[in-house]
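Engineer: Provided below are the primary sequence and the corresponding predicted coordinates.
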Amino acid sequence: MSGIAGWIGLPSPSGTALLDAMLMQPAANDRSKVASLAGPAHGAGAGGLAGTWGLYQGRGLIAALNGHPFWRRPDQNTNDMAAVAAHLLDAFAEQGTDALHGLHGDYAVALADPARGRVVLAVDRMSIRNIIYTLTHGGIVFGPTCDAVARHPRVRRDIDPQRLYDYLYFHMVPGPATVFRDLKRVPPGHCVEFEQGKCSVSAHWRPRFVEDAHADFATLKREFRDTLASAVRHYSAGANCGAFLSGGTDSSTISGLLGAATSAPAQTFSIGFDSEGFDEMHYARIAVSKDTGDQSSMPGGERRVERGADFRSGDLGFRLSLGR
């Protein structure tokens, strides 16, 4: 499982074994790894695929990270996980939660000060990475999913009837709630601060909206495309990177930009359904331009995954999204 997990303010005799259970690998072909630290009333762990997580100590603090964070300040710019953690620990020791202003990318992070019974949980601006938490018996337990948090023996997992109604009515449970009564999500761009039984939630980032901006459409279009292209180049650099392709505007654009960034056909993957009205493989094939995918069946014969490797240009997605 990919994510971070732990607790503060709760005695947990099983320690690292409990953390391993909270971050356990769900399948035999899962190549993720887990690391954990535990003390008399605290525990912290992180796990995931290589290069996407880290667990570090410094200045009496513990930092657990998951995702693709990078540190950006006028005099510092790095995406090495250990260097990011070192910068974050130093900044947090001196600035508190203001340290999060230097953190960018997709991430879930826990910054723990066991001596003070304090932990700060934060997720990125869009909450691409997830943290679930609950307050129980004067402490806090957190993890990447409700199931992970519920593996702690002090956590109850009671269904909230109102959230069940919300799910049936909205087809989702509006955040920060979950379907379980006392389990909550850290909202996008927010952090949760817990210390000695007291808990607060605050924004560490807010979007900036300039209502009277006067840039013309051509300038905004160019800026938008350059921003997307830069993000795709950043996250695909030095990696064997693929993209999900549904054939819609968003995935077609990203797949096209990935091909342009790597100067090679993008590795794209699509999911099809043997049910009329739900299958979108036709649109994915249009985006790929020809049906060259290697299909493999999934259990039950109701779903299939198709791989196509002939998406070469960033133009198609932008023609769809910007009317070119």
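Structural biologist: Cool, got the structure. Residues are numbered from 1 along each chain as shown.

Engineer: And the pLDDT for residue 316?
Structural biologist: For residue 316, the model assigns a pLDDT of 38.

Engineer: try residue 251
Structural biologist: At residue 251, pLDDT is 89.

Engineer: now swap in residue 286 and tell me
Structural biologist: Note on residue 286: pLDDT of 82.

Engineer: And for it, the neighbour number?
Structural biologist: Counted by other C-beta atoms under 10 Å, the residues lying close to residue 286 total 14. For glycine as for every other residue, the C-beta is placed from the backbone atoms N, C-alpha and C.

Engineer: for residue 40, same thing?
Structural biologist: Burial of residue 40 is recorded as 11 neighbouring residues (other C-beta under 10 Å).

Engineer: if I've got this straight, it is in a strand?
Structural biologist: No: using DSSP: H, G, I helix; E, B strand; the rest coil, the assignment for residue 40 is coil, not a strand.

Engineer: excluding its backbone neighbours, what's nearest it?
Structural biologist: residue 11 (6.4 Å; C-beta to C-beta, 6 or more residues apart in numbering).

Engineer: Sheet-wise, list the partners of the longest strand belonging to the chain with their directions.
Structural biologist: Counting residues, the longest strand found in the chain (DSSP state E) is strand 61-73. Looking at strand 61-73 with DSSP bridges, its partner strands are strand 53-58 (antiparallel), strand 76-78 (antiparallel), strand 103-113 (antiparallel).

Engineer: Now do it, average pLDDT.
Structural biologist: 92.

Engineer: looking at the strands paired with strand 61-73, which one has the lowest mean pLDDT?
Structural biologist: Comparing mean pLDDT across these, the weakest is strand 76-78, with a mean of 76.

Engineer: lowest-pLDDT helix or strand in this protein?
Structural biologist: When each helix and strand of the chain is scored by mean pLDDT, DSSP states H and E, strand 294-297 comes last, with a mean of 29.

Engineer: Look up the closest residue to residue 261, ignoring the ones flanking it.
Structural biologist: Leaving aside its chain neighbours, residue 261 sits nearest to residue 233 (4.6 Å; criterion: C-beta to C-beta, 6+ apart).
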